[in-house]
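**Q** here's my sequence, what's the structure:
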Amino acid sequence: MSVTFRQLHYFKALAEQRNFGRAAEMVNISQPALSVQIKELETLLGDKLVERRARDVVLTPFGRLILEHATRVLQDVQALTEAARWQGGLAGRLSLGIIPTIAPYILPGVLEALRSRDISLDVQVREAKTDQLIADIQNGQLDAAIMAHPVAAEGLSERLLFEDRFLLAGTVARLAALGQGAEALRPTSLAQTPLLLLEDGHCLTEQALEVCGRGRGHAQIDMGASSLGTLSRLVAAGFGLTLMPEIAATTELRAASGIKLRRFAPPEPARQIVLARRKSTHDEVWFEKLAEILKAVGQDMIDEARHTQPGMRPAPQTAQATTQKDTR
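**A** Numbering: from 1, shown residues only. So this is what the prediction gives:
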């Protein structure tokens, strides 16, 4: 009898979870079945892989060595499977992740563009925060994900899609109270103004804090909203200001009529939106084709926002737009 890929997969799950119950749940088998498979693997390899304790397990030195080999083998098998699936480019099934501050706005256009290109393409979308998307790409649950640059993870490659500038959103009264002309409005000048942000875990919150030069403990900051839609309605009701990405502006203006927008003085703060994948994924044809589609849809939305919405037309940039660090 030989070692199977399934046994290596089970062992890797156990090494990650350090608990038979959690590992069994992760790989969708019963705990006794997982225990049998691990014992069989130890018998085949001739030594103990884990030390079994009351509530968890610890890898033995031999187990750590085997884990390195198992990880490489599983990655190679996954790459082989993906190469076969993407033979000839973008086709078959696509598992795509996307952060929540982009998903509601770009997804309808993206899905329409993908399905008009190939009606047989099965697109599965996962909306989640950046950390979860990175983990899902790394473990093979996602083929690629749309998120903000930089992608702070080893083993991932990214392709720039478009620049998403930040606008200042508030009621007419709130914006007028700032008392500054468009040529002078900067994020750092909002220190004494109530600023509403998304809850922790959203990369947009980190970006907003950085461009405004504020810390989490600032008295004029309220972080608690779970979506840009909620933020828009709070802003429209007069509870404060927020930073609105261009990609969301047209939609949120329609949904919350009390909101007005102002641009910051050049260079305008912005985030770079990228498409990320594992570097180990072979045949980049499908990835490049997907990036081209996403770039076209996203840039069309940005261009529409800049040219059709009053108060959103940008002044000529006198310097390169500032891309803020996504610390996650």
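**Q** what number of residues lie near Ile98?
**A** Here the count is done by other C-beta atoms under 10 Å, and Ile98 has 24 residues near it. Quick note: C-beta positions are derived from backbone N, CA and C, even for glycine.
**Q** state the distance from it to Arg278.
**A** Distance of Ile98 to Arg278, given as C-beta to C-beta, to the nearest Å: 17 Å.
**Q** so where's the protein uncertain?
**A** 1, 78-92, 118-120, 180-183, 191, 200-201, 211-223, 282-283, 308-328 (pLDDT under 70).
**Q** which parts of it are helices?
**A** 5-17, 20-27, 31-45, 61-85, 103-117, 130-138, 172-176, 203-212, 228-236, 246-255, 285-308 (DSSP state H).
**Q** show me what the second one is packed up against.
**A** Read it as helix 20-27. Applying 3 or more C-beta pairs under 8 Å, 6 or more residues apart in numbering; DSSP states H and E, we find helix 20-27 packed against helix 5-17, helix 31-45.
**Q** give me the distance between the longest one and the centre of its chain.
**A** Put plainly, it is helix 31-45. From the chain centre to the centre of helix 31-45 is a distance of 36 Å (C-alpha atoms, centre = their mean, to the nearest Å).
**Q** stretch 14-22 now?
**A** The answer for stretch 14-22 is 26 Å, by C-alpha atoms, centre = their mean.
**Q** now that stretch: buried residues?
**A** 14-15, 17, 19-20 (16 or more other C-beta atoms under 10 Å).
**Q** then stretch 255-275?
**A** Neighbour-count burial for stretch 255-275 flags 256, 259-266, 268-275 (criterion: 16+ other C-beta under 10 Å).
**Q** quick check: chain neighbours aside, which residue is closest to Gln31?
**A** Ala24 (4.3 Å; C-beta to C-beta, 6 or more residues apart in numbering).
**Q** that should have said Ile98, apologies.
**A** Ile146 (4.4 Å).
**Q** count the neighbours of the one you found for me.
**A** Ile146 has 24 neighbours, counted by other C-beta under 10 Å.
**Q** so what's it bridging to?
**A** Ile98, Leu275 (DSSP bridges).
**Q** okay then, goodbye and thanks.
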